[in-house]
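*Asks:* I would like the atomic coordinates for the input below:
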Amino acid sequence: MAKFFYVAIFLLPLFALAQEKDLPTKENVAVTNKAKKSKLAEPSKNDSIATIDLYKIITLQHDTTYVDTSLTIQKEYKFNYLRKDNFGLLPFSNEGQTFNTLQYGLNKSTAYPSFGFAGKHFNYLEVDDIKYYNVATPMTELYFKTVMEQGQMIDAFITLNTSERLNFSIGYRGLRSLGKYVNQLSSNGNFKFMTSYNTSNERYFLKAHFTGQDLTNGENGGIVSLEDFEGGDSEFDDRARLDVYSLDATSILKGNRYFFDHYFRINKEKGGNNLYINHQFNYENKFFEYTQPTIITTITTPAQGTIRLSRFGTSYRSSNINDKTRYNRMYNKVGATYENSTLGQFQFFIEDFRYNYFYNRIIVNPTNTVQNLLSDEFNVVGGQYTYQKNNWNGRFLFSSSISDQKMSTLDANLSYKFDDRNNVHFQYQNLSKVPDHLFNLFQSSYVDYNWSNNFKNEKINSLTVNANTQWASASLQVSSLKNHLYFFNESTVADTLTVKPDQYSKTINYVSLKVSKEFKFRKWALDNTVLYQKADQEDDILNVPQLVTRNTLYYSDHLFKKALFLQTGITFSYFSKFYANDYNPVIGDFYIQNQREIGGFPTFDFFINAKIRQTRVYLKAEHFNSSFTGNDFYSAPNYPYRDFIVRFGLVWNFFS
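*Replies:* Modelled structure (predicted):
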């Protein structure tokens, strides 16, 4: 009751503000011709107020959308730590931890090698996650959400144009949550600074950003006794009473990135034929650090007495493990683009990519020596053709390395828009991908976590068809994988993990079909998303649930003379049982297993959302059925899913 009391007190000033005038939209305010021309509205005595279409969000690929302050069911799905719809991702019990991937199609690949430690990168802002802005007046967005225990999450952002050609934006996402289980603290921070600029004659355009990110997690290695969790003993309703494998281990992923993308038009006036010079630069340094002061975990059970556990096997050290992997990379892309108003754009480019992935020591074993460095340089040449006219939009890219290390990319995209409600998009991708660094080299104080490999390139072929229609939305993906890289546990000792990388030489074929449809009847709506997927393989390497579904029944209405818009309903989520990958904190990644299935449990969430002017308020009872459907819910084989919890939050936009 105390939580609901505080929520009511918090909402009182918002209801007062609801009587004030809302931000104008394109439908209810006429924008002056001067504001349209300059893209920056200038208020006057005639109510020349900037409309929402003058607050633009621009991607690196120059796609433009507008700031959206509406309250829809899609906004409900995006009100989470990632700030995006996480259908197909299964969160761990504490906010700010990793996610188990239920939908394989969410994995995006490039031909270049990445750092690795993929399980730690769900919360890491990549280049394509950064957006750029052009706004009529300064705009602020504040996000707040309660967490599981002792903390909160905030995401604060402000953007402004000093002129119609120069924009600055700055944001910070911070999270601290203790969690319900022992040694599960999340303490994360994502800082970003962006700017965009173009000259008055529109010959030169620049986008640039800096990110500084620090993602810290307590790593308990999962719970020791699944029987204690599933047995229903009220003693273990306090999750901190459950024994875990590690009481003081911590992982940190930290990185800084400096990025800019700019181009210059050679001809002074833009006409039917134009020539551009393009350049993109990306420098990034990262490190992943795993620390564990106490290696042996001692627990006492009624049946077995005192047990001493070393979850990850023997160690070179008796205490204070500190494994630190360092990485830096520099990427340059220089190209020339010819643009014809009839034929489209033809771009030719060269890329230079160099990296260093290293440790501060060399490990000498009786059977092999584990070096301390991976370092290489890629020189790549390629071309891209872009066509956009009438209802057609296409982009076709091919690139291939000319250096010793071979890699190639073929990426073809074609879209056709029938009308505002119906469109279709095709993508074919063929990659010869260099292995991520973690597969080829890793060092640890744990004896069995040291390797040096030279794996072959992964071969990835994928065809995706997306159709958005007035009747339903559907996505079909067909993929073929060869030389697929993965981690597995080679230990046969109970409670011990000895994870190693391996490469599957046989072909894996994957197919998925996702369909979304919303049914509406007056003020009621039923929103449905269903995913079916299957992997055809000789061995169980790529494990996915065949069925994933999310169904939301909700009611919407305006109240208080339309000063408040209310939305309330129930969301049902489910995925079929499968041998889910398990998480290993030493390598910050998941490994395959075939001993324990998870899934087959339903989750119900009840929510009440409200919109008051530009403020969206969210109140949710998450997994409220957990107490009466049994303790068989897991995010990974040794990591329970979230218990019932009531959480509150809001998103508040200010337009100065």
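
*Asks:* look up how far Thr72 lies from Phe655.
*Replies:* 20 Å (CB to CB, to the nearest Å). Glycine gets a C-beta too; all of them are placed from N, C-alpha and C.

*Asks:* for those two, indicate the residue with more neighbours.
*Replies:* Neighbour count, other CB atoms under 10 Å: between Phe655 and Thr72, Phe655 has more, with 19 against 16.

*Asks:* how about the helices in the chain?
*Replies:* 2-17, 33-38, 73-78, 226-230, 437-440 (DSSP state H).

*Asks:* which one of those helices has the lowest average pLDDT?
*Replies:* For the helices of the chain, mean pLDDT drops lowest on helix 33-38, to a mean of 36.

*Asks:* need the pLDDT of the spatially most central residue of the chain.
*Replies:* Geometric centre of the chain, nearest residue: Phe122, 4.5 Å, by CA atoms, centre = their mean. For Phe122, the pLDDT comes out at 95.

*Asks:* out of the helices and strands in this protein, which is least certain?
*Replies:* helix 33-38 (a mean of 36; mean pLDDT, DSSP states H and E).

*Asks:* is the nearest residue to Gln533 once chain neighbours are set aside in a bridge, and if so with what?
*Replies:* Spatial nearest neighbour of Gln533, excluding adjacent residues (CB to CB, 6 or more residues apart in numbering): Ser512 at 3.7 Å. Judged by DSSP bridges, the bridge partners of Ser512 are Gln477, Gln533.

*Asks:* residue contacts, Ser512?
*Replies:* Gln103, Tyr104, Gly105, Ser475, Leu476, Gln477, Leu531, Tyr532, Gln533, Lys534 (CB atoms under 8 Å, 6 or more residues apart in numbering).

*Asks:* go on, Asn273?
*Replies:* Asn267, Tyr338, Glu339, Asn340, Ser341.

*Asks:* among these, which one has the most neighbours?
*Replies:* Glu339 (19 neighbours).

*Asks:* start from the N-terminal end of the stretch 401-550 of the chain and give the strands.
*Replies:* Along the stretch 401-550 of the chain, counting by DSSP state E, counting those that start in this stretch, strands occupy 408-419, 422-433, 441-442, 451-452, 458-468, 473-482, 484-489, 499-504, 508-521, 524-536, 547-559.

*Asks:* looking at those, which is nearest to Ile363?
*Replies:* Closest to Ile363 of these is strand 451-452 (CB to CB; 9.1 Å).

*Asks:* span of stretch 107-122 from start to end?
*Replies:* 11 Å (CA to CA, to the nearest Å).

*Asks:* which parts of it are buried?
*Replies:* Ala111, Tyr112, Pro113, Ser114, Phe115, Gly116, Phe117, Ala118, Gly119, Lys120, His121, Phe122 (16 or more other CB atoms under 10 Å).

*Asks:* can you tell me how far Asn468 sits from Asn422?
*Replies:* 7 Å.

*Asks:* these two: which has the busier surroundings?
*Replies:* Higher neighbour count among Asn468 and Asn422: Asn468, with 17 against 13, using other CB under 10 Å.

*Asks:* bridged to the nearest residue to that one once chain neighbours are set aside, which residues?
*Replies:* Excluding its sequence neighbours, the residue lying closest to Asn468 (CB to CB, 6+ apart) is Asn423, at 5.4 Å. Applying DSSP bridges to Asn423 gives these bridge partners: Lys417, Asn468.

*Asks:* how many residues are close by Asn423?
*Replies:* Quick note: Asn423 (other CB under 10 Å) scores 16 neighbours.

*Asks:* just checking, the residue nearest to the centre of the chain touches Leu82?
*Replies:* Yes. The pair Phe122 and Leu82 qualifies as a contact (CB atoms under 8 Å) at a distance of 6.9 Å.

*Asks:* which neighbours do those two share?
*Replies:* In contact with both Phe122 and Leu82: Leu89, using CB under 8 Å, 6+ apart.

*Asks:* got the contacts of Ser512 as a markdown table, with pLDDT and neighbour count columns?
*Replies:* Output for those, formatted as a markdown table (pLDDT from 0 to 100; neighbours: other CB atoms under 10 Å):
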| residue | pLDDT | neighbour count |
| --- | --- | --- |
| Gln103 | 96 | 19 |
| Tyr104 | 95 | 18 |
| Gly105 | 91 | 20 |
| Ser475 | 97 | 17 |
| Leu476 | 97 | 15 |
| Gln477 | 97 | 19 |
| Leu531 | 98 | 23 |
| Tyr532 | 98 | 15 |
| Gln533 | 97 | 21 |
| Lys534 | 96 | 12 |
